[in-house]
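K.L.:
Model the structure of this input:
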Amino acid sequence: MTCSSPTQASIFGTATNNGSGAFDFRIDVQDGASTGQSDMYGIMVGSYQSGEHVLGGGNVYIHRS
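P.N.:
Numbering: from 1, shown residues only. Model prediction:
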């Protein structure tokens, strides 16, 4: 995971599809609470990109140490 700012982070990893393959992924999250906006996320797996979306439930909290 990397934090590009106090309100934005990217999570990197490798996933499988039903136990097969190895697919690199990236999830970008944005904590909108500090700016009065909605929390956002976007997912990239291989060449697929979901685009940026409003988080439908829960909250994104980014804590840098």
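K.L.:
Neighbouring strands - and their directions - for the lowest-mean-pLDDT helix or strand in the chain?
P.N.:
Across the helices and strands of the chain, mean pLDDT, DSSP states H and E gives its lowest value to strand 2-5, namely a mean of 87. The pairing partners recorded for strand 2-5 under DSSP bridges are strand 8-17 (antiparallel).
K.L.:
related to what we said a few turns ago, for the least confident helix or strand of the chain, the distance to its chain's centre please.
P.N.:
Strand 2-5 sits 11 Å away from the centroid of its parent chain (C-alpha atoms, centre = their mean, to the nearest Å).
K.L.:
For the most far-flung residue of the chain relative to its centre, list each beta-bridge partner.
P.N.:
Centroid-distance maximum for the chain: residue 20 at 22.8 Å, with C-alpha atoms, centre = their mean. Beta-bridge partners recorded for residue 20 (DSSP bridges): residue 17.
K.L.:
Return the distance of it relative to residue 48.
P.N.:
Separation of residue 20 from residue 48 (C-beta to C-beta, to the nearest Å): 17 Å. Any C-beta I mention is one placed from the backbone N, CA and C, and that applies to glycine too.
K.L.:
now do residue 4
P.N.:
Taken as C-beta to C-beta, the span from residue 4 to residue 48 is 22 Å.
K.L.:
try residue 35
P.N.:
According to C-beta to C-beta, residue 35 stands 28 Å off from residue 48.
K.L.:
Ok, residue 22 next?
P.N.:
As for residue 22, its distance to residue 48 is 15 Å (criterion: C-beta to C-beta).
K.L.:
just residue 30 next, same as before
P.N.:
Taking C-beta to C-beta, one finds residue 30 at 20 Å from residue 48.
K.L.:
more neighbours, those two?
P.N.:
Per other C-beta atoms under 10 Å, whichever of residue 30 and residue 48 has more neighbours is residue 30, with 21 against 9.
K.L.:
Please list all residues in contact with the more buried one.
P.N.:
The neighbours of residue 30, taking C-beta atoms under 8 Å, 6 or more residues apart in numbering as the test, are 7, 8, 39, 40, 41, 60.
K.L.:
Which two among those are spaced furthest apart?
P.N.:
Farthest pair in the contacts of residue 30 (C-beta to C-beta) is 7 and 41. Separation: 12.8 Å.
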